[in-house]
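**Student:** what follows is a predicted protein model with its sequence.
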Amino acid sequence: MSTPETVPVDPAFAARARLDADGAARLRERAARDPDGVWRELAGRLEWMRAPTEIRDVSFDRDDFRIRWYADGELNASVSCLDRHLDARGDRTALIVEPDDPAGEAQRISYRELHARVCRLGNALRNLGVRRGDRVTIYLPMTADAVVAMLACARIGAVHSVVFGGFAPQSIADRIADCRSKLVITADEGCRGGRRVPLKANVDAALKLAGTNSVETVLVVRHTGAGIDMQMPRDRWMHAVVDGQPDVCEPERMNAEDPLFILYTSGSTGKPKGVLHTTGGYLAWAAWTHEQVFDLREDDVYWCTADVGWITGHSYVVYGPLANGATQVVFEGVPNYPDVSRFWNVVDRHRVTIFYTAPTAIRALMREGEAPVKRASRASLRVLGSVGEPINPEAWRWYYEVVGDSRCPIVDTWWQTETGGILISPLPGAGPLKPGSATKPLPGIRAALVDAEGRAVEGEGEGNLVLLDSWPGQMRTVYGDHARFIETYFSTYPGMYFTGDGARRDADGDYWITGRVDDVLNISGHRIGTAEVESALVAHRDVAEAAVVGYPHDIKGQGLHAYVTLKAGVEPTDALRAELVQCVRSAIGAIATPDRIQWAPGLPKTRSGKIMRRILRKIAEGAADQLGDTSTLAEPAVVETLVADARAWS
Ligand code: PRX
């Protein structure tokens, strides 16, 4: 059996779907005719302390810039995610926590219990002096504690900044210092794939590096029970501070435009920036998209495999699903431990109906063949999702045919940390699917393609992906640097939000995202700035210069190719190569590990000294015959050497 180019909507699915083709068409039409009416309705799904009367106030014009949604509304995100479910569905399971160890028991946490835990921690945080607007850094494994910590911050109006558990101390330090966190929440250790991750030790190291004394308290969850250093009075055990706290905690009354969280993400220049999301618009958008894109129903068991350290974990593990009162799996482990059937065993064990993961995981599992999938029944599945990077048609088909037995629609969801929620995606009951295409912008989303000069590309064509207007989940600023926000996103094409992505639009109006057009890499669905890796490399005493580019990688989507020029007199050796790899891992984390380090006697530069990355990318891709115009090179001979040496990789 092979999947055709276009997979029509299954009529039985459409008949029960929240939005079928007609429903989606009507919504699109309404969103065009009466946008404020649609946006007002969207807000209506939240629990407001004071309902908003102002709906949107937006201008992308640099001189009159503002993005404000529901600006006179007041609410608390944790109330929408917890309190309002208590009467009707308090005993319903909110989280099914599946531990890394497959022999360990899954823990079921009801909405009532989750609410109580959030309240206890909220009270404890207040007792520790955390106030509305204070920043709290969270560096935790993928367990219920992470969800509780985020919502407890929301409860008391503190702004959380979650740092992915795979980041190294220096990255944690930078993130703590940038937002001057008052408190850090971590665990003794995490567990991933049977291995222990020294979370507390990493926080200790980070606080030494951070160069700030803003952190007053480190709260430590006892997770594995490992022996760790506790520095009194700074370090406190979580269980000790929450014990005896009341199960109720007065939620802080927040304005819709008050910050909910900061999440750091890589850009093409400089250090990662703190993407700031606010409360009302973000939550409404996360909840609405979660319900519509996954066609969420009362009896679903939803599972998103993303870590809470990424935006997918924020919007589609914590805020969206909980605002919708869903039951979901929270998974601490990895797809290949104890073996490559793990995902499908978890699907069977908890009767998962909606499954959302990244193409890189699909490609890695695809390599292992069908047998590990077929060993599990997967009969409960009904919707599959993909996120984080382009999914190649081959992986799409395997996901559809092998994992979903050709009966579950795939929603290929395009969005970004900055967008807060999904913007381009199929609605599974509303339109045909195309392997490799995220299809159409959601109702109300005004996507467009422009050429390098910002001229609109009409109809079928290719260009840079922009958004012509705002949506409630849009980021509001770069924490502490509003000028950088406007500069990064609104100056390339004045009056438009520039995504940094390129895309093609076909004759049906469907979008095919081709990937980043800036100096951001997407390695296994993780965003990494080339500049960050380069600065980790040049920090080594033997390195004179470094340039990092991406190249197509079968599993990771993109691999990381580093060209390194050594200082005069330094011998290139395998030991030095290993040292440089280690430098990057310890500056950023394992996710940024270079796949290749190529010694470069020199780098191709323009006469004004600018590195010509376009050429380096072509060489790394093994497309040295397509170097294009090299007439502006200062020293053309450099390129010939690099091309000859690069043959070793292909
Ligand atoms: O290049 C796009 C790619 O991931 C980038 C955003 O990365 P991040 O902020 O880390 O958020 C990832 C999770 C939303 C985008 O600029 N990307 C994300 N989803 C897709 C995608 N590329 C193609 N298809 C997708 N479905």
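**Tutor:** On my side now, so go ahead. Please read all numbers here as calculations on a predicted model, not as lab measurements. Numbering: from 1, shown residues only.
**Student:** next, the buried residues of the helix or strand where residue 485 lies.
**Tutor:** Element membership for residue 485 (DSSP states H and E) is helix 482-490. Across helix 482-490, burial judged by 16 or more other Cβ atoms under 10 Å covers 484, 485, 488, 489, 490. For glycine as for every other residue, the C-beta is placed from the backbone atoms N, C-alpha and C.
**Student:** can you read off the pLDDT for the fourth one?
**Tutor:** Read it as residue 489. Reported pLDDT at residue 489 in the predicted model: 97.
**Student:** for residue 603, what are its contacts?
**Tutor:** 545, 547, 563, 565, 611, 616, 638 (Cβ atoms under 8 Å, 6 or more residues apart in numbering).
**Student:** name the surrounding residues that touch the biggest helix by length in the chain.
**Tutor:** Using DSSP state H, we find that the single longest helix of the chain is helix 111-127. The contact list for helix 111-127, computed with Cβ under 8 Å, 6+ apart, reads 78, 82-83, 85-86, 89-95, 109, 136, 144, 147-149, 151-153, 155-156, 158, 183, 219, 238, 241-242, 245-249, 322, 325.
**Student:** how many neighbouring residues does residue 532 have?
**Tutor:** 24 (other Cβ atoms under 10 Å).
**Student:** ok, the one 5 residues further on next?
**Tutor:** Residues within reach of residue 537, counting by other Cβ under 10 Å, total 24.
**Student:** please narrow the contacts of helix 111-127 to those residing in strands.
**Tutor:** Judged by DSSP state E, these include 93, 94, 95, 109, 136, 183, 219 as members of strands.
**Student:** show the contacting residues for the residue in the stretch 151-300 of the chain that the ligand sits nearest to.
**Tutor:** Of all residues in the stretch 151-300 of the chain, residue 265 sits closest to the ligand, at 5.2 Å by Cβ to the nearest ligand atom. Going by Cβ under 8 Å, 6+ apart, residue 265 touches 272, 273, 275, 311, 417, 418, 527.
**Student:** go on, residue 17?
**Tutor:** Neighbours of residue 17 in contact, by Cβ under 8 Å, 6+ apart: 23, 295, 427, 428, 429, 430.
**Student:** which bits of the stretch 251-400 of the chain sit near the ligand?
**Tutor:** Contact residues, the stretch 251-400 of the chain versus the ligand (Cβ under 6 Å from any ligand atom): 265, 311, 312, 387, 388, 389, 390.
**Student:** nope, the chain is what I was after
**Tutor:** Within the chain, the positions near the ligand by Cβ under 6 Å from any ligand atom are 265, 311-312, 387-390, 412-417, 438, 499-501, 513, 515-516, 522, 527.
**Student:** any idea of the pLDDT on the residue of the stretch 151-300 of the chain closest to the ligand?
**Tutor:** We have a pLDDT of 97 for residue 265.
**Student:** repeat that for residue 293.
**Tutor:** Looking at residue 293, its pLDDT stands at 98.
**Student:** still on that earlier bit, right, and the helix or strand after the helix holding residue 485?
**Tutor:** strand 497-505.
**Student:** which outside residues touch that following strand?
**Tutor:** 60, 268, 414, 416, 418, 449, 457, 459-467, 470, 474, 489-490, 492, 511-518, 520.
**Student:** just the ones of the residues you listed in strands?
**Tutor:** Of those, the ones assigned to strands by DSSP E are 449, 457, 461-467, 511-516, 520.
**Student:** a markdown table for the buried residues of helix 482-490, including distance to residue 629?
**Tutor:** A markdown table is the format used below for these (distance: Cβ to Cβ, whole Å):
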| residue | distance to residue 629 |
| --- | --- |
| 484 | 32 |
| 485 | 34 |
| 488 | 28 |
| 489 | 29 |
| 490 | 30 |
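**Student:** what's the closest of those residues to the ligand?
**Tutor:** residue 489 (11.7 Å).
**Student:** would you mind measuring from the closest one to residue 90?
**Tutor:** 41 Å (Cβ to Cβ, to the nearest Å).
**Student:** same deal with residue 596?
**Tutor:** Counting by Cβ to Cβ, the gap from residue 596 to residue 90 is 54 Å.
**Student:** repeat for residue 450
**Tutor:** When residue 450 is compared with residue 90 (using Cβ to Cβ), they lie 49 Å apart.
**Student:** got the contact list for whichever residue of the stretch 351-500 of the chain sits closest to the ligand?
**Tutor:** Of all residues in the stretch 351-500 of the chain, the one sitting closest to the ligand is residue 417 (3.4 Å; Cβ to the nearest ligand atom). By Cβ under 8 Å, 6+ apart, residue 417 lies in contact with 263, 265, 275, 310, 311, 475, 527.
**Student:** spatially, which residue comes closest to the second one, not counting chain neighbours?
**Tutor:** Once its chain neighbours are removed from consideration, residue 265 has its nearest residue in residue 417; the separation is 4.2 Å (Cβ to Cβ, 6 or more residues apart in numbering).
**Student:** state the distance from the one you found to residue 556.
**Tutor:** Separation of residue 417 from residue 556 (Cβ to Cβ): 19 Å.
**Student:** same deal with residue 104?
**Tutor:** Distance from residue 104 to residue 556, by Cβ to Cβ: 29 Å.
**Student:** pick out whichever of the two has more residues nearby.
**Tutor:** When residue 104 and residue 556 are compared on other Cβ under 10 Å, the one with more neighbours turns out to be residue 556, at 22 against 13.
**Student:** who's in contact with the more buried one?
**Tutor:** Contacts of residue 556 by Cβ under 8 Å, 6+ apart are 360, 523, 524, 595.
**Student:** burial count for the closest residue to the third one other than its chain neighbours?
**Tutor:** In space, and not counting its chain neighbours, residue 524 is closest to residue 360: 4.1 Å by Cβ to Cβ, 6+ apart. For residue 360, the neighbour count with other Cβ under 10 Å is 23.
**Student:** ditto for the one 3 residues further on
**Tutor:** When counting by other Cβ under 10 Å, one arrives at 22 neighbours for residue 363.
**Student:** pull out the buried positions in the strand or helix carrying it.
**Tutor:** Residue 363 belongs to helix 359-366 when elements are defined using DSSP H and E. Residues 359, 360, 361, 362, 363, 364, 365, 366 are the ones in helix 359-366 that count as buried (16+ other Cβ under 10 Å).
**Student:** if you count contacts, what does it end up packed against?
**Tutor:** Contacts defined by 3 or more Cβ pairs under 8 Å, 6 or more residues apart in numbering; DSSP states H and E place helix 359-366 against helix 393-398, strand 557-566.
**Student:** now it against strand 557-566, angle please.
**Tutor:** For helix 359-366 against strand 557-566, the angle by axes from the mean of the first three to the mean of the last three Cα atoms, to 10 degrees is 100 degrees.
**Student:** and after helix 359-366, which helix or strand comes next?
**Tutor:** That would be, after helix 359-366 and using DSSP H and E, helix 371-374.
**Student:** neighbouring strands for the helix or strand just after that next one, and are they parallel or not?
**Tutor:** Beyond helix 371-374 on the C-terminal side, the first helix or strand identified by DSSP H and E is strand 383-387. Here strand 383-387 is paired, per DSSP bridges, with strand 354-357 (parallel), strand 410-413 (parallel).
**Student:** mind saving the C-alpha coords of the helix holding residue 363 as CSV?
**Tutor:** Coordinates of the C-alpha atoms in helix 359-366 are reproduced here as CSV (Å, rounded to 0.1, in the frame of the first residue of the first chain):
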residue,chain,number,x,y,z
PRO,A,359,9.9,14.1,12.8
THR,A,360,13.4,13.3,14.2
ALA,A,361,11.9,10.7,16.5
ILE,A,362,9.8,9.3,13.6
ARG,A,363,12.9,9.0,11.4
ALA,A,364,15.0,7.4,14.1
LEU,A,365,12.2,4.8,14.7
MET,A,366,11.7,4.3,11.0
